Structures are given as structure tokens and as C-alpha cells.
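S.K.: Here is a sequence with its predicted model. Questions after.
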Amino acid sequence: MAWSNVIGQDRVKQILRNAILNGKVAHAYLFYGPEGVGKDAMAIEFAKALNCERNKGEACDECKTCRGIGELSHPNVKLIFKLPLGKNETKDDSPIEKLDESEIKLIQEQVRLKAQNPYHKITIPRANSIKINSIREIKMEVSHSLLIPGWRVIIVSEADAMTEQAANAFLKTLEEPSPKTVIILTTANKDKLLPTIISRCQLVRFSYLSDDEIANALIERYELTPARARLIARLANGSFGKAIELLDVTVKDKRIKPIDFLATIASGKIVKMLIEIEKIVTDYERSEIENFLHIILTWFRDALMLKIGLEDKIINVDMVERLRKFIASYGEIDYQKAIALVERAISQVEKNLQLNLILINLSIDLFDLMSEAYVKTKQTGKVQWTGK
């Protein structure tokens with residue numbers, strides 16, 4: 001049945017199924033948790049389960065209503081997401097009224113991709129926030145009667161991206177709940193929402209997915225070999241969304257740049273390091289920099305696992321020889337401290353602090369650690385690790 005369209009999250013499925021079966025559906029939910037773990041996907045499945053023509057508490061995925069909601073084309077279900085600002089746009093315009101034709105076509109294509117794969121992250125150039133125009137459209141929507149009997153479901157994806165004006169306007173909508181209407185906010189950054197918005201929602205926490213859940217989904221949905229699926233699952237850090245991103249390029253290629261950057265840090269070539277940092281900050285989105293640092297994190301973790309004889313726990317199973325060479329030069333590094341430094345940098349990137357400064361500070365700290373370790377590990381004639 002349709003709940004199986006969402007990977008894992010069995011506890012959440014049970015909460016929502018019971019709410020429908022017991023007639024205790026809240027007027028507003030806040031789905032929060034890591035990126036890429038199925039919050040939007042669950043919101044869409046919940047909308048189907050609420051409105052299914054055949055079943056109660058479960059979507060059949062076959063009736064006209066389930067199909068329409070799955071295609072994000074049903075009039076009872078509306079998906080709100082970040083949009084670019086149109087030329088000379090005012091808060092009284094509709095959300096897309098002042099956008100040009102090419103932007104509208106791109107938005108339509110992104111919605112189509114979201115319908116095909118609810119784990120797809122809608123990405124539109126210049127779309128940095130959820131506009132007050134979109135929230136006003138919600139207010140207008142809930143004030144009208146439903147065209148088709150059932151439940152109206154409003155899904156606000158990445159709700160933390162609401163502008164201050166939009167958030168205040170949205171609060172008024174939450175304070176005046178409409179019958180047979182459910183509003184679902186999804187976010188990976190709950191703390192960025194107004195406390196007054198959070199307090200008016202039923203909170204539903206989503207967890208990281210297990211490697212097995214991700215690997216099995218990759219095998220089933222993308223026909224990957226078990227070995228490739230397991231490798232991607234390990235690199236995805238509990239996020240199916242991240243696993244999908246890793247499908248777009250050769251997984252090994254995705255890891256080369258972070259490991260080469262680590263080799264640059266180890267070399268102590270300051271000018272080269274600063275040039276590479278500038279390129280990373282210029283070319284990469286914030287989420288891509290997080291992924292970049294996660295790869296460095298897994299490298300240190302794998303080196304530690306290999307050093308203590310737990311080769312079966314390694315994530316980068318296809319790079320064991322490179323890891324051995326790293327250990328030959330830096331086997332005495334303080335792995336726990338290195339991992340803590342990278343984790344701190346990831347946390348700082350998530351908070352949108354100065355990316356350039358974060359990477360420079362991390363590089364200096366790692367260079368100090370690696371230099372100290374190299375002196376301890378070095379043997380006569382040993383060649384320093386170059387990342388190869």
C-alpha cells in the first residue's frame with residue numbers, strides 16, 4: 001500500500017494512520033528532522049490517505065483521488081515552496097504573476113519531478129524564500145469551500161524559509177483553523193521557525209534512515225547492484241535525498257575533490273589551499289559544502305577503522321589502498337580530534353556562518369594535527385601522502 005512509498009519512518013506512519021482511524025487528525029503538523037529523510041514524501045502520502053476513495057487510513061494509489069494527489073494536481077492539495085521574486089513584484093501579486101515564462105516553465109518542471117519522486121528537492125534559481133504572496137494565497141484558499149469533498153491539505157515545504165512577513169501572516173492562518181483542513185509544515189531547521197508557529201502544530205519527528213533502508217530502496221527503485229547500493233547508502237549519512245544526489249555522478253568522482261583538498265592541507269601549501277577554498281565557496285552551494293566535509297569526515301573515520309583492524313566497517317570500501325597510504329604517513333593522528341574538528345565545521349556551515357573563514361580555520365587546525373602525526377609516524381625514506 002501507499003505508506004510503503006515512504007522509506008522507513010515506521011513510527012511516523014503509525015502515528016498518522018492512527019490519527020485517521022481514530023478521527024483525531026490535527027489541524028496543523030510540523031514534520032521536522034534531517035534533510036532527505038522523507039518529510040515531504042510523508043506529507044503527500046498522508047494527504048492521499050486522508051482522501052482515498054477506497055480505504056481509510058491507507059491510500060490505495062489506484063483511485064482517481066490518490067493518483068491526482070500523487071501527481072500534485074488535485075485541487076484539494078496544495079504544495080508551497082520557495083519561489084524567486086518577480087520583476088516589480090508586490091505583496092498583492094500572485095506568487096508567479098511577475099515571473100517570466102522561462103521561470104514558470106522551470107517551476108512546472110520541478111513540480112513534475114517532485115510528483116515523480118517525492119524525495120526530489122525542488123531547486124529554482126533565485127528562489128531563496130517562501131514569499132508572503134504564497135501565504136496569502138493559502139489564506140484565500142482555506143476561506144473557500146472545497147470543490148471536491150474530502151480533506152484540504154496544505155503542504156509547506158522547507159517552512160523555515162518563510163520571510164518574516166510570510167511567517168507572521170501564516171501565524172494568523174494557524175490561529176483560525178478551518179474545518180476539514182490540514183496544514184503540514186516540513187523543515188530540517190525547526191529552530192528557525194517562530195516559536196508561536198511551532199506551539200500551534202503537532203510535532204512529528206523524523207529520524208535518519210538506516211543504511212539497509214537506503215540500500216534496499218536504491219536496489220528496488222533504481223535497480224542498483226547490491227554492492228553499489230551499499231556504498232552509496234553508507235556515504236548518504238542516513239539521507240535518501242543525499243543518496244539520490246550521489247547517483248548523478250560517479251561516486252568515486254564525488255569523493256576525489258575532498259580527498260585531494262585534504263592532501264593539499266597536508267602539504268602545507270598555503271597559497272594553493274586558499275585558492276582551493278575560494279573555489280569551493282564560489283562553486284558550491286551550502287549543502288554541497290556540507291557533503292564535501294562529510295566525505296572528509298568519513299575519510300578520517302575509515303582511517304581509524306582500518307588502523308584498529310575493523311576493515312569491515314569502512315565506508316569507502318573501494319579506496320582501501322589509498323587509506324593504507326594515508327595511515328602510513330599519518331597513522332598517529334588524533335582521529336577523535338580530527339573528526340570533532342570536521343563535525344564542528346559542518347555544524348557551522350549549517351548555521352550559515354562565514355564559509356570562507358570556516359574552511360580556513362578547519363584547514364589550519366587539520367594541518368597542525370596532521371603535521372604532528374606525520375612527525376610521529378614518519379620512518380626513514382617514507383614518502384609523505386599526496387592523496388593518491
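M.R.: In hand now; what should we look at? Numbering: from 1, shown residues only.

S.K.: Who are the contact partners of Asp302?
M.R.: Ile314, Ile315, Asn316, Met319, Leu323 (CB atoms under 8 Å, 6 or more residues apart in numbering). Yep, even glycine has a C-beta here, placed from its N, CA and C like the rest.

S.K.: give me the element it is part of.
M.R.: helix 286-307 (DSSP states H and E).

S.K.: distance between that helix and the chain's centre?
M.R.: Mean-position distance between helix 286-307 and its chain equals 17 Å (CA atoms, centre = their mean, to the nearest Å).

S.K.: then that helix to CSV, C-alphas only?
M.R.: Extracted as CSV, the C-alpha positions of helix 286-307 are listed here (Å, rounded to 0.1, in the frame of the first residue of the first chain):
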residue,chain,number,x,y,z
ARG,A,286,25.9,25.4,1.2
SER,A,287,24.5,21.9,1.1
GLU,A,288,27.3,20.8,-1.3
ILE,A,289,29.9,22.1,1.1
GLU,A,290,28.3,20.1,3.9
ASN,A,291,28.5,17.0,1.7
PHE,A,292,32.2,17.9,0.9
LEU,A,293,33.0,18.0,4.6
HIS,A,294,31.1,14.8,5.3
ILE,A,295,33.3,13.0,2.8
ILE,A,296,36.4,14.3,4.7
LEU,A,297,34.7,13.1,7.9
THR,A,298,34.2,9.6,6.5
TRP,A,299,37.8,9.5,5.4
PHE,A,300,39.1,10.1,9.0
ARG,A,301,36.6,7.6,10.3
ASP,A,302,37.6,5.0,7.8
ALA,A,303,41.3,5.5,8.5
LEU,A,304,40.6,4.9,12.2
MET,A,305,38.6,1.8,11.5
LEU,A,306,41.3,0.4,9.2
LYS,A,307,44.0,1.2,11.8
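
S.K.: What residues of that helix count as buried?
M.R.: The neighbour-count criterion (16 or more other CB atoms under 10 Å) identifies 287, 289-307 as the buried residues of helix 286-307.

S.K.: Now, the contacts of Asp302 that are in strands?
M.R.: Under the assignment DSSP state E, these contribute nothing to strands.

S.K.: Output the contacting helices and strands for the least confident helix or strand in the chain by mean pLDDT.
M.R.: Least confident helix or strand of the chain, by mean pLDDT, DSSP states H and E, is helix 251-267 with a mean of 83. With contacts taken as 3 or more CB pairs under 8 Å, 6 or more residues apart in numbering; DSSP states H and E, helix 251-267 sits against helix 226-235, helix 270-283, helix 286-307, helix 320-330, helix 355-377.

S.K.: That one vs helix 270-283, what angle?
M.R.: Counting by axes from the mean of the first three to the mean of the last three CA atoms, to 10 degrees, helix 251-267 lies at 140 degrees to helix 270-283.

S.K.: Now helix 251-267: buried residues?
M.R.: Lys254, Arg255, Lys257, Pro258, Ile259, Phe261, Leu262, Ala263, Thr264, Ile265, Ala266, Ser267.

S.K.: if we can go back for a sec, which entries within the contacts of Asp302 meet the buried criterion?
M.R.: Ile314, Ile315, Asn316, Met319, Leu323.

S.K.: any idea how far Val142 is from Ile135?
M.R.: 11 Å (CB to CB, to the nearest Å).

S.K.: Could I get the phi/psi values of Val6?
M.R.: phi -100, psi 130 (degrees, to the nearest 10).

S.K.: pLDDT on the longest strand seen in the chain, on average?
M.R.: For the chain, the strand with the greatest residue count under DSSP E is strand 181-187. The average pLDDT within strand 181-187 is 96.

S.K.: need the next SSE after it, C-terminal direction.
M.R.: helix 195-199.

S.K.: Which strands or helices does that following helix pack on?
M.R.: helix 164-175.

S.K.: again, only this time at 10 Å
M.R.: Contacts defined by 3 or more CB pairs under 10 Å, 6 or more residues apart in numbering; DSSP states H and E place helix 195-199 against strand 28-32, helix 164-175, strand 181-187.

S.K.: in its sheet, what does the first one sit against?
M.R.: Partner strands and pairing direction for strand 28-32 (DSSP bridges) are strand 181-187 (parallel), strand 202-205 (parallel).

S.K.: Let me know which of these is the nearest to Ile280.
M.R.: Of all these, it is strand 181-187 that lies closest to Ile280, at 26.4 Å by CB to CB.

S.K.: Pull the closest one out as CSV, backbone CA atoms only.
M.R.: Taking Å, rounded to 0.1, in the frame of the first residue of the first chain, the C-alpha atoms of strand 181-187 are listed here in CSV:
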residue,chain,number,x,y,z
THR,A,181,-8.2,21.4,6.5
VAL,A,182,-4.8,20.1,7.5
ILE,A,183,-1.6,22.2,7.2
ILE,A,184,1.7,20.3,7.1
LEU,A,185,5.0,22.2,7.5
THR,A,186,8.2,20.4,6.8
THR,A,187,11.6,21.5,7.9
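
S.K.: could I get the strands paired with strand 28-32 as TSV with mean neighbour count and distance to Val153?
M.R.: Putting the strands paired with strand 28-32 into TSV (neighbours: other CB atoms under 10 Å; distance: least, CB to CB, whole Å) gives the following:
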stretch	mean neighbour count	distance to Val153
strand 181-187	24	5
strand 202-205	16	14
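
S.K.: For Gln9, find the nearest of those.
M.R.: strand 202-205 (9.4 Å).

S.K.: Thank you, goodbye.
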